[in-house]
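1. Following is a predicted model, sequence given first.
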Amino acid sequence: MTRLDGGHVDRTRALRFTFDGKRYTGHSGDTLASALMANGVRLVGRSFKYHRPRGIFSAGSEEPNALVTIGTGARAEPNSRATVVELHEGLAATSQNRWPSLGFDALQVNDLLSPFFAAGFYYKTFMQPAEFWEKLYEPMIRRAAGLGKLSMLPDPDAYGRGFLHCDLLVIGAGPAGLAASLTAARAGAEVVLADEDFALGGRLLAETHTLDDDDATAWIAATEAELRSLPNVRVLSRTTVFGTYDHGVFGAVERVGDHLPRPQTVRQTLWRITAKRSILAAGAIERHIPFAGNDRPGILLGGALRAYANRWSVTPQASETDRVAIFTSTDDGHRTALDLMAKGVPILAVIDPREDAPRLGNYPLRKGAVVSGAKGGRKGLSSIEITEGGRSDWFECAVLGVSGGWNPNVHLASHHRGRPEWSEADAQFLPPSELPPGMSVAGAAAGQGSTHGALASGAEAAKAALGLDTLPELPRAEDAPSRGMALWHVPGRGRAWVDFQNDVTVKDIALAHKENMRSVEHLKRWTTLGMATDQGKTANVTALAVMAELTGKTIPQTGTTVFRPPYTPVALGVLGGGDTGAHFRPRRLTPTHPWAKAQGAEFVEVGQWMRAQYFPQEGETHWRESVDREVLAVRSGVGLCDVTTLGKIDVQGKDAGEFLNRVYANMMGTLKVGRVRYGLMLRADGFLYDDGTCARMAEDHYVVTTTTANAGLVYRQMEFARQCLWPDLDVQLISTTDAWAQIAVAGPNSRALLERVVDGFDLSTESFPFMACADLTVCDGLRARLFRISFSGEHAYEIAVPARFGNAMMDRLMSLGQDLGATPYGTEALAVLRIEKGHAAGAELNGQTTAQMLGLGRMISRKKDSIGAVLSRREGLEADTRRLVGLQSVDPSQKIPAGAHLFTAGEARDLNTDQGWVTSACWSPHVEGHIALGFLAGGDGRMGEEVIAANPLEGQEVAVRVVSAHFFDPEGDRLRA
Amino acid sequence: MPDLSPLCALGAFDSRSERFGALRLTEVPDLGLVSIALRKGAEAPAPFGLALPGPGAWAEGATASALWTGPGQWLLELPGQGAADVVGLVAPEAPGCSLTEQTDGWACIEITSTAGAAPLEALRERLVNLAPGTLAPGHGTRTILHHMSVLVIRRAPDRLAVLGMRSAADSLWHALSETAARLETQE
């Protein structure tokens, strides 16, 4: 088909593209759909279930049929709607859901078998045998059904994000949206105008209406130029607002590079728009009228037919002598005939079921008639059956435009669960009366279908939203009322498609009704109507009207399904923000990271932190060799470990002690200056929350240390307590986690090593005993903090210096400690050391455990109240006899699975006999066997007993002996030495 | 003077600086930071003669500048004092306040524009969910940037500072430089 006259494509710019490998040429301004049409391509896809040949049905984002894959390789984007794909040089499109080719699709046999494939077929047929479902039925059905295929390759494109704030967001740049934007912009408001199309104008581009007796494009161009010139206006074309969220927030995707031949820096941008007010001017989607065989290529929406002729100057005719018919139940369809005639397209007839149908021009008019059938091959429509007064006749016809009225685009107005409201007078669902806060609806989206109505309602909406006094002068426009009747389907014996994308027919809806699917939600799920990429934009209203007819209910009684974002499909890549791989989430590095990296450390993710897990040495072939060496080095010499990741909270103020008494279960107010105490924090429900140390640096100054995992949470909880629970206390908090590099120096030689860096500070036990802390200087005047605390059970310290010096401090300690056996150790050795010592960590403080279970019940002070103290004494918790115990493999070489459950030897292995569980396990170089920590019912009275650690999921079973949790130095002599 | 060599937040001995079109990103290693929190009932001090700003604001003086960080709380910036005992410096200027050294808690990246405010506005729009007025010159606030908690300060129409967790300096630099580079390509 050659081009008609006129239109808004740039004929001076030819663009080459391919479809299924065949070369074609289109123009700048074309969509893929219009370009295919201009090249005489009518068959563009195969239907989902029956593999029926399908053509282009619409001219917008509602397209159910013309789904194609755009691009190749990793950039192949399946299920792209040809009707919204902007043509560019070199575009490569491929048809989908067919094999071996679009023209000959082997699976069209499904269509012949369609009597067996009615709605609900799968649910009933593939029941037995049950095990076949996953292995055979589902893979088979998935292969046969479906749309495009993913490339299965990583997405090579980058995605951007951004945030916009405005007084008014205008969604849609048709006449209503442009008038609203102009009104708001001239009043000085911050305006964002977004439209999914690449050209502004909306429906004006598809019509021949004049504005101020001039071509509408002149007004569009002038308006666009004015809007783009204003600093308070942001015009976002190619941008789909896909969701209305809480608090005036909207999600929008801008297609930055999809329309360009070469990949761009950013393919798409996700905009989060916060708008004080919004105007939904998203227009309306035309509805079709189901009749037998209405899915043939060449049958399309009447409004789309008009849009292709007027905007893109094409029709789906194979040759220019092919006759075009219009089947319409409204006056609007007659305008399509007029516009086509003006371009020299031969009109077979306008078929209108209304006996009083108007005649708007000199075309054959069949009043009181319907189209009751369509015939054609895979290339499309060849003839239609017209029934009038009980008599049916077939007529040669290549193209049929179907117009059954318009459905306002109420989606974004309904995302807050407001249900659209049926207007009997307009035979339309209008936007809900309860709109998202700040939103108003204008133009065809509000049922204002005439150009004048759209312009006026857009301007009025902006005036009302912003409280303005004046309106701009709007151009004169047509204001013809479009009358019509609602014709929901043409009854007949053949299959009449309601939902093209999901192959749902009027009969399927009848069957669903027969199967007692009475709710519209059940109808949807039974038939799959309204699902998949188009979300039933051209089907839903018609389907529920058919449903209403079957149930004898009214349309409002039948109701609609729920509208949810996104309005049109959104790539997960753009929602994800484009950060993948190493930048998927923020990564925190410890101050000694460069040093550890230079030592060849293996790193492990601990929350956001990257921590050195172990430091392999030459000749070590297994991680455990490294870990065992590191553990033994700590026990015999001195080990160094970066523990900066532990949370540090600076607590100051006159009431700091009292505040900490209330936050910690044990007493902190009595702690002496220069001393550290181990502390437990409880949740409000009495369970354990976090543990750590609390150091008193001065009378009114404490430093709280938290676990790495809970650093942020504990700080937040303390801020909550400070601000909301006890605002009367004089206390100030601030995190200093990142400010200080903290290095654990552990082992019998730790004091000797530290003596080499401190500036004249006495480290003897007499002046600096276990659990002492001090401000001091190191390495010639660097301010530092020293804590004599131990997680490993060894004589140990933690030294803190300003973070910038952490790397150098580690390096210095290592070089000064060579003769003392200084060895860096990572988180694995750290874990082994603390398990050997019986110290609790995250695995023991998992939110299901209590202080009592840790054997620390008496730490919860009764001399004062603290968060969770009262509830920790409730019967349910106090009655729990599970206690932290040590477990040692009876056969020392047998590994104890962490997470295994504990059972009394000889008992069944089920929930009723469950005795507890293994929390942490490791190989202990000290014990020279596998050891573990765990909670065991009555554990403190079962020392020496052999129990079973079982992991029934993997058939593991290990005999373990119950021992003290303190495998190493139970008396603590090493700590205090 | 300690005989240890400090590292910059981005892990090198020297601070990083890179240009993207009209924008230049520079890591500032020598910014001393102290948090000031008023004790109950205390009057706000005027450290180094600086009137501490109100909510959402940042004030600049000859020796120090300050960002409001909460009721009765400020972050005091002392340019050039990155290695100093800043609490010791500030204590006489803010008697009776709770002071905490914050210098190494943050990585500070200064962003300057050679083309006025527009490139910085474009950057803001891509990075943080803040209305333009919230980051007008003389304003600053705590916000989220690429899932990181940051302080952003608009020092001048053509100057913006972003302070993020020191440990996440690499991620912060990545987020800022990637966005700036994309804007440069789009120019």
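-> That came in fine, so what should we check first?
2. mind listing what's buried in the helix ranked longest in chain A?
-> Secondary structure assigned by DSSP state H gives helix A:451-466 as the longest helix of chain A. Neighbour-count burial for helix A:451-466, counted by 16 or more other Cβ atoms under 10 Å in any protein chain shown, picks out A:451-463, A:465-466. Where you see a C-beta, it was placed from the backbone N, CA and C, and this is true even at glycine.
3. Show me what the residue nearest to the spatial centre of chain B bridges to in the sheet.
-> Nearest to the centroid of the C-alpha atoms of chain B, with distances taken as Cα atoms, centre = their mean, sits B:Leu163, at 4.4 Å. The partner list for B:Leu163 in beta bridges (DSSP bridges) reads B:Cys108, B:Leu151.
4. and it, how far is that from B:Thr103?
-> Using Cβ to Cβ, to the nearest Å, B:Leu163 is found at 11 Å from B:Thr103.
5. Helices of the stretch 601-750 of chain A, residue ranges please.
-> A:623-636, A:656-663, A:711-720, A:750-754 (DSSP state H, counting those that start in this stretch).
6. In TSV, list the ones you listed along with mean neighbour count and mean pLDDT.
-> Listed next are the helices of the stretch 601-750 of chain A as TSV, based on neighbours: other Cβ atoms under 10 Å in any protein chain shown; pLDDT from 0 to 100:
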stretch	mean neighbour count	mean pLDDT
helix A:623-636	20	98
helix A:656-663	22	98
helix A:711-720	17	96
helix A:750-754	22	98
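7. Tell me the one of the buried residues of helix A:451-466 nearest chain B?
-> A:Leu466 (16.9 Å; Cβ to the nearest Cβ).
8. which residues sit in contact with that closest one?
-> A:Asp167, A:Leu168, A:Ala184, A:Ala187, A:Ala189, A:Arg277 (Cβ atoms under 8 Å, 6 or more residues apart in numbering or on different chains).
9. so where's the chain uncertain?
-> Going with chain A. Along chain A, segments meeting pLDDT under 70 span A:1-2, A:145-146.
10. wrong one, I was asking about chain B
-> In chain B, residues with pLDDT under 70: B:187.
11. Break chain B down into its structural domains.
-> Following automatic domain parsing, one gets these domains for chain B: B:17-29+B:105-186, B:31-104.
12. can I get these in JSON lines with distance to A:Glu131?
-> JSON lines is the format used below for those (distance: least, Cβ to Cβ, whole Å):
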{"stretch": "domain B:17-29+B:105-186", "distance to A:Glu131": "43"}
{"stretch": "domain B:31-104", "distance to A:Glu131": "61"}
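13. Nearest to A:Gly494 among the ones you listed would be which one?
-> Of all those, domain B:17-29+B:105-186 sits nearest to A:Gly494, with 53.8 Å by Cβ to Cβ.
14. For that closest one, measure first residue to last.
-> This stretch, domain B:17-29+B:105-186, spans 21 Å end to end (Cα to Cα, to the nearest Å).
15. so A:Asp212 makes contact with A:Trp219?
-> Yes. Contact criterion Cβ atoms under 8 Å: A:Asp212 and A:Trp219 qualify, at 6.8 Å.
16. ok, the two, which is more surrounded?
-> Shown here are A:Asp212 and A:Trp219; by other Cβ atoms under 10 Å in any protein chain shown, A:Trp219 has more neighbours (21 against 13).
17. What is the subsequent helix or strand relative to the helix or strand hosting the more buried one?
-> Applying DSSP states H and E as the criterion places A:Trp219 in helix A:216-229. For helix A:216-229, the following helix or strand on the C-terminal side (DSSP H and E) is strand A:233-236.
18. contact partners of the helix or strand following that following strand?
-> Using DSSP H and E, the helix or strand that follows strand A:233-236 in sequence is strand A:239-244. Applying Cβ under 8 Å, 6+ apart, the external contacts of strand A:239-244 come out as A:61, A:169, A:171, A:194-196, A:250-255, A:271, A:273, A:278, A:412-413, A:415-416, A:436, A:439, A:565-568, A:570.
19. Now the element after strand A:239-244, going C-ward?
-> By DSSP H and E, the next helix or strand past strand A:239-244 is strand A:249-255.
20. Can you name every helix or strand that that following strand contacts?
-> Counting contacts by 3 or more Cβ pairs under 8 Å, 6 or more residues apart in numbering or on different chains; DSSP states H and E, strand A:249-255 packs against strand A:239-244, strand A:268-280.
21. possible to save the ones you listed as JSON lines with mean neighbour count and distance to A:Gln599?
-> What follows is these, written out as JSON lines (neighbours: other Cβ atoms under 10 Å in any protein chain shown; distance: least, Cβ to Cβ, whole Å):
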{"stretch": "strand A:239-244", "mean neighbour count": "25", "distance to A:Gln599": "49"}
{"stretch": "strand A:268-280", "mean neighbour count": "24", "distance to A:Gln599": "41"}
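22. What's the separation between A:Met943 and chain B?
-> 43 Å (Cβ to the nearest Cβ, to the nearest Å).
23. For chain B, which segments count as strands?
-> B:17-20, B:23-28, B:31-38, B:58-60, B:65-70, B:73-79, B:97-101, B:106-113, B:139-145, B:148-156, B:159-165 (DSSP state E).
24. so which of these comes closest to A:Gly368?
-> strand B:139-145 (64.2 Å).
25. mind listing what A:Ala711 touches?
-> Contacts of A:Ala711 by Cβ under 8 Å, 6+ apart are A:Thr645, A:Leu646, A:Gly647, A:Lys648, A:Ser735, A:Thr737.
26. What of A:Leu646?
-> A:Gly692, A:Thr705, A:Thr706, A:Thr707, A:Thr708, A:Ala711, A:Thr737, A:Gln742.
27. Which member of those residues is positioned nearest A:Ser792?
-> Closest to A:Ser792, out of all of those and judged by Cβ to Cβ, is A:Gln742, at 14.6 Å.
28. what about that closest one, neighbour count?
-> For A:Gln742, using other Cβ under 10 Å, the count is 26.
29. what do you get for the one 4 residues further on?
-> Using other Cβ under 10 Å as the criterion, A:Ala746 is surrounded by 30 other residues.
30. Would you confirm that it contacts A:Val634?
-> Yes. Between A:Ala746 and A:Val634 there is a contact at 5.2 Å, judged by Cβ under 8 Å.
31. what residues do the two have in common as contacts?
-> Joint contacts of A:Ala746 and A:Val634 (Cβ under 8 Å, 6+ apart) are A:Ser792, A:Glu794, A:Leu833.
32. Which one (most neighbours) among the residues you listed?
-> Most crowded among the shared contacts of A:Ala746 and A:Val634, counting by other Cβ under 10 Å, is A:Leu833 at 31 neighbours.
33. Run through the residues that contact that one.
-> A:Leu833 neighbours (Cβ under 8 Å, 6+ apart): A:Val631, A:Val634, A:Arg635, A:Ala746, A:Phe791, A:Ser792, A:Gly793, A:Glu794, A:Tyr825, A:Phe968.
34. can we see that at 10 Å?
-> A:630-631, A:634-635, A:639, A:641, A:744, A:746-747, A:790-794, A:796, A:825, A:839, A:922, A:924-926, A:968 (Cβ atoms under 10 Å, 6 or more residues apart in numbering or on different chains).
35. likewise A:Leu776?
-> Per Cβ under 10 Å, 6+ apart, neighbours of A:Leu776: A:Val758, A:Asp759, A:Gly760, A:Phe761, A:Leu763, A:Phe768, A:Leu782, A:Arg783, A:Ala784, A:Arg785, A:Leu786, A:Ile799.
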